[in-house]
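> No letters, just coordinates:
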């Protein structure tokens, strides 16, 4: 992508702000930290529960399988968020060229469609 002064931003910047298309400030790393930390944190509790249910009680119930499925969906959501930070998530919208925002929304639309197909099946 050739970024020039003619590059169109996805949204006009606030008054007194100049768009930075070359090296925009990003807080995407904060989003990635949260998207990695919370599934790892949650699996510790999930494993503790499954250990207690399987080895101590000797039987898994439907709620245990539901929790595993829920954790898998949460993991998929975290992976989706991490992938979106590579496109545009975490960058101010006025620092995004319109074509990069379009690519971001295309990736986002695929994951939303997949989520609806899974949940509505």
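That came through, no problem. Since the model is a prediction, treat every value here as computed from it, not as a measurement. Numbers count the residues shown, from 1 in each chain.
> Leaving out sequence neighbours, find the closest residue to residue 118.
If the residues on either side of it in the chain are set aside, residue 118 comes closest to residue 73, at 8.0 Å by C-beta to C-beta, 6 or more residues apart in numbering. For every residue, glycine as well, the C-beta is placed using N, CA and C.
> Mind telling me what element that neighbour is part of?
With elements delineated by DSSP states H and E, residue 73 resides in helix 62-87, which encompasses its position.
> so which strand or helix has residue 49?
With the criterion set as DSSP H and E, the secondary-structure element containing residue 49 is helix 28-51.
> returning to that earlier point: quick check: mean pLDDT of the helix or strand just after the helix holding residue 73?
Counting by DSSP H and E, the next helix or strand C-terminal to helix 62-87 is helix 98-119. When pLDDT is averaged along helix 98-119, the result is 79.
> got any ranges where the chain has weak pLDDT?
Low-confidence segments of the chain, defined by pLDDT under 70, are located at 1-6, 121.
> Quick one: residues contacting the residue minimising distance to the centre of the chain.
For the chain, the residue sitting closest to the mean C-alpha position, by C-alpha atoms, centre = their mean, is residue 81 at 1.0 Å. Each residue near residue 81 by C-beta atoms under 8 Å, 6 or more residues apart in numbering is listed here: 31-32, 35, 89.
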